[in-house]
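J.: Pasting the sequence and the predicted model now:
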Amino acid sequence: MSVEPLSQKDVEERLAELPGWSLDGDRITRSFQLGSHFAAAAMVVHIAQIQEELGHHSDLTLGYNTVSLSVHTHSAGGALTALDFQLAAKVEESAVGHGAV
C-alpha cells in the first residue's frame, strides 16, 4: 500500500465514503459508542488485530463504553495516506459486528 501523502481533494473524497469519520488537523478520527465496557474492550482487541494485519497502527483509546481512533501515517511525515483510509474502512466493517454506533 502506498505511503505517499494524499492530496486534500483525495482526502475529502475518501472521507465522504466513511460516515462518522472526520478530519482533525492532519488526522482522521472517529469515536464509537458501545453497549458496555466489555464490548468496547473486545472491539479494541479486534482493531489491534486489524492494525497488526495491515502493519499500520493508530492512536486507539478505550473509554468506559467508547472506542476512539486517531489515524495518520508516521512514515509519511504524519500525512494522510491510502493506508489510513484502508484501516478506517476495515474498522468500520468490524464495528457492525460489535454493535458499535
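T.: That came through fine.
J.: switch to C-alpha atoms for all contacts and neighbour counts from now on
T.: Fine.
J.: So for the longest helix anywhere in the chain, what gets flagged as buried?
T.: Using DSSP state H to define each element, the chain has its longest helix at helix 37-54. Within helix 37-54, the residues that count as buried by 16 or more other Cα atoms under 10 Å are 37, 39-41, 43-44, 46-48, 50-51.
J.: need the contact list for residue 79.
T.: Residues near residue 79 by Cα atoms under 8 Å, 6 or more residues apart in numbering: 5-6, 26-27, 72-73.
J.: Tell me the spacing between it and residue 73.
T.: Applying Cα to Cα, to the nearest Å, the value for residue 79 to residue 73 is 6 Å.
J.: List the contacts of residue 40.
T.: Residue 40 makes contact with 33-34, 62-67, according to Cα under 8 Å, 6+ apart.
J.: Sitting in strands, which of those do you find?
T.: Within those, residues falling in strands by DSSP state E are 33, 62, 66-67.
J.: what's the most distant pair in these?
T.: Spanning the widest gap among those are 33 and 62, at 10.4 Å by Cα to Cα.
J.: Good, wrapping up.
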